[in-house]
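1. need a structure here:
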Amino acid sequence: MSLRYQTEDDDVASEHIQEPAERPVPPYYTYILIAAIVVVFLVQFGTGIEKSIIAAGFNKRAFLIEHEYWLILTGAATHGGLLHVFMNCFSLYNLGRIFEVLTNRAHLPIVFFLSALGGGILSLLLNPEVPSVGASGGIIGLFGYIAVYAVRRRQFITAEFRKSLLINIGIILFLGWTLREFVDNAGHLGGFLVGALYALVQVPTDPHIDPRESGQISQFGGLAALGIYIASCGFAILLILL
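-> All right, here's what the predicted structure looks like:
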């Protein structure tokens, strides 16, 4: 997807992501989340994917009956195979770098973490017998956030970007339906809804308010959410190696 986010004084079209009147900053939070996911998968790969899923995946029976509540978080840190982790990291990179341009980067780990949690909860409710793994709930949450953002801040977003966004959402729905035996659509839906809800609360409709400005509470929340997810990845590794 391409994006042009312009201010009233910025009328120069661009096919690339950019912050107007500012030097683009690398999407650090996106890189950190991807690095954490990759490290966990390397441990999974070295110890055996199936073994690692049994140890740290979101086993809902163990979550409910044995009260292993941490599994909803470690499950969002583990993946089912090389293609699974590659697609999630690729999607996280593309969505994350857009997200960190559109709004303050502190919101990215908050949305990612809450969406992963929301996706896990809805998956627990709708698919209680099926174990789940993967960070896709959090990633789809970024999609939900950006979708609402594109509507609420439409004066700053090109029609081409909104069209591209709708196409990508359509592709996700199509793949979710055709691969429903292998895809946790409940987790995806839960993540999308949480991300969209967060955007409805956080994204300003007033064009004079810059969503890239953020207070100390949001900054702290972003670091806290990032720290919790990294800790979940570390605990997933511990469970796998035990």
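
2. grab the most central residue of this structure for me.
-> By C-alpha atoms, centre = their mean, the mean C-alpha position of the chain lies nearest to I139, the distance being 2.4 Å.

3. and it, how close does it get to L166?
-> Shown here: I139 relative to L166, a distance of 18 Å by C-beta to C-beta, to the nearest Å. In this view, the C-beta of every residue, glycine as well, is placed from N, C-alpha and C.

4. likewise A77?
-> If you go by C-beta to C-beta, the gap between A77 and L166 works out to 30 Å.

5. pull the CA atoms of the lowest-mean-pLDDT helix or strand in the chain into CSV?
-> Here the helix or strand of the chain ranked lowest by mean pLDDT, DSSP states H and E is helix 159-178, holding a mean of 81. Output of helix 159-178 as CSV, limited to C-alpha atoms (Å, rounded to 0.1, in the frame of the first residue of the first chain):
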residue,chain,number,x,y,z
ALA,A,159,-8.3,8.0,-2.4
GLU,A,160,-5.7,5.6,-3.8
PHE,A,161,-4.6,4.6,-0.3
ARG,A,162,-8.2,4.0,0.9
LYS,A,163,-8.9,1.9,-2.2
SER,A,164,-5.7,-0.1,-1.6
LEU,A,165,-6.7,-0.6,2.0
LEU,A,166,-10.1,-2.0,1.0
ILE,A,167,-8.5,-4.3,-1.5
ASN,A,168,-6.2,-5.7,1.2
ILE,A,169,-9.1,-6.1,3.6
GLY,A,170,-10.9,-8.0,0.9
ILE,A,171,-7.9,-10.3,0.3
ILE,A,172,-7.8,-11.0,4.0
LEU,A,173,-11.5,-11.9,4.1
PHE,A,174,-11.1,-14.1,1.0
LEU,A,175,-8.1,-16.0,2.3
GLY,A,176,-9.8,-16.3,5.7
TRP,A,177,-12.8,-17.9,4.1
THR,A,178,-11.0,-20.2,1.7
